[in-house]
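1. Structure for the following, please:
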Amino acid sequence: MAKTSSKKAGYNNIFNFNPAHAKALIDSLTPRERQVAELIAMGVPQRDIAKKLGISPKTLDIFRGNVRAKLDVTTYGIPRIWFCAMSA
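-> Residues are numbered from 1 along each chain as shown. Prediction:
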């Protein structure tokens, strides 16, 4: 009996993800969401992101949640999609 996975292969492995699709996902973000996604992708700690953008940590949580929802990934998937999109 074959195992089936509910996870999307592209989100788990950047090499299986279509760069054009990743770019379209990134393009769907608002400018502020793009800033947040880029800083997350660069590995900047959350408190530093909030300080750099001049927003509260709670507001950052909202933006991070919006980014995760639009990209349909966990926080760990954001860098994968970001860098895949940048290679398109």
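
2. Please count neighbours and contacts with C-alpha atoms only from this point.
-> OK.

3. helices and strands around the longest helix along the chain, which ones?
-> Longest helix in the chain, counting residues (DSSP state H): helix 57-71. Contacts defined by 3 or more Cα pairs under 8 Å, 6 or more residues apart in numbering; DSSP states H and E place helix 57-71 against helix 19-27, helix 31-41, helix 46-53, helix 77-86.

4. what's the most buried one of those?
-> Of all the helices and strands packed on helix 57-71, helix 77-86 has the most neighbours on average by mean count of other Cα atoms under 10 Å, namely a mean of 20.

5. So which of the helices and strands packed on helix 57-71 is nearest K70?
-> Closest approach to K70 among the helices and strands packed on helix 57-71 (Cα to Cα): helix 19-27, 7.3 Å.

6. what residues are up against the nearest residue to F63 once chain neighbours are set aside?
-> Closest residue to F63 apart from its sequence neighbours, by Cα to Cα, 6 or more residues apart in numbering: E33 at 5.9 Å. Going by Cα atoms under 8 Å, 6 or more residues apart in numbering, E33 touches 63-64, 66-67.

7. Would you format those residues as a markdown table with neighbour count and distance to Q46 included?
-> Listed next are the contacts of E33 as a markdown table, based on neighbours: other Cα atoms under 10 Å; distance: Cα to Cα, whole Å:
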| residue | neighbour count | distance to Q46 |
| --- | --- | --- |
| F63 | 19 | 11 |
| R64 | 21 | 10 |
| N66 | 16 | 15 |
| V67 | 25 | 14 |
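
8. Run through who's touching stretch 49-61.
-> Stretch 49-61 has contacts (Cα under 8 Å, 6+ apart) with 36, 39-40, 46-47.
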